[in-house]
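A.B. asks: sequence and predicted model, in that order:
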Amino acid sequence: MEENKVSMNPPVEGITLDILLRHPNAKIPTKAHNTDNGYDLYAVSVEYDEDMDCYVYHTGVSIKVPVGYSLDVIPKSRHRKTHCYMPNSPGDVDPGYTGEILVNYKPRLPKVVRDLIN
C-alpha cells in the first residue's frame, strides 16, 4: 500500500500538521466553509465489530500532532438524527499516536434489544 505525506496549515499561527494518507482513497481533511471551526474526516471503509457492538470507520489518515497540542475527533451535530452515537466523544489524538485515525459509532440500542425487535 502506497502512503502519501502532505502538510496542512490549520488556523493556529505557526503550526503545520503532517498528514499521512495510508489508503489510496484517503482524503485530506477539509472544511466545507471558511467559517467552519473544524475539518471534516472521510471514511474509506467501515466494519462492524461484533464483540464491541460498534461500527469502526477507517479514515486512512494519520496526523502527526506537535507536542503540546492534541486533535479532537467529534461528531457533527447532524449525527444526533441518527441511530448511532460516538461513544468516545471526543476522541483525542495525542502527539505520540502515529496510527490511522479510526472513528467508532455505537448503535443507541444494544444488540440484544435490536435482535428482539427484528
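C.D. replies: Received it, and whenever you're ready, just let me know what you need.
A.B. asks: quick check: closest non-adjacent residue to Ile74.
C.D. replies: Distance criterion CB to CB, 6 or more residues apart in numbering; nearest residue to Ile74, sequence neighbours excluded, is Pro90 at 4.6 Å. No exception for glycine: its C-beta is placed from N, CA and C like everyone else's.
A.B. asks: isn't that neighbour right up against Val103?
C.D. replies: No. If you go by CB atoms under 8 Å, Pro90 and Val103 don't touch, sitting 10.9 Å apart.
A.B. asks: helix, strand or coil for Val113?
C.D. replies: The three-state label given to Val113 by DSSP: H, G, I helix; E, B strand; the rest coil is helix.
A.B. asks: check the chain and tell me which residue is nearest its centre.
C.D. replies: Val103 (4.3 Å; CA atoms, centre = their mean).
A.B. asks: looks to me like it is in a strand.
C.D. replies: Yes. Remark: Val103 belongs to a strand, assigned using three-state DSSP.
A.B. asks: for it, name its beta-bridge partners.
C.D. replies: Tyr57 (DSSP bridges).
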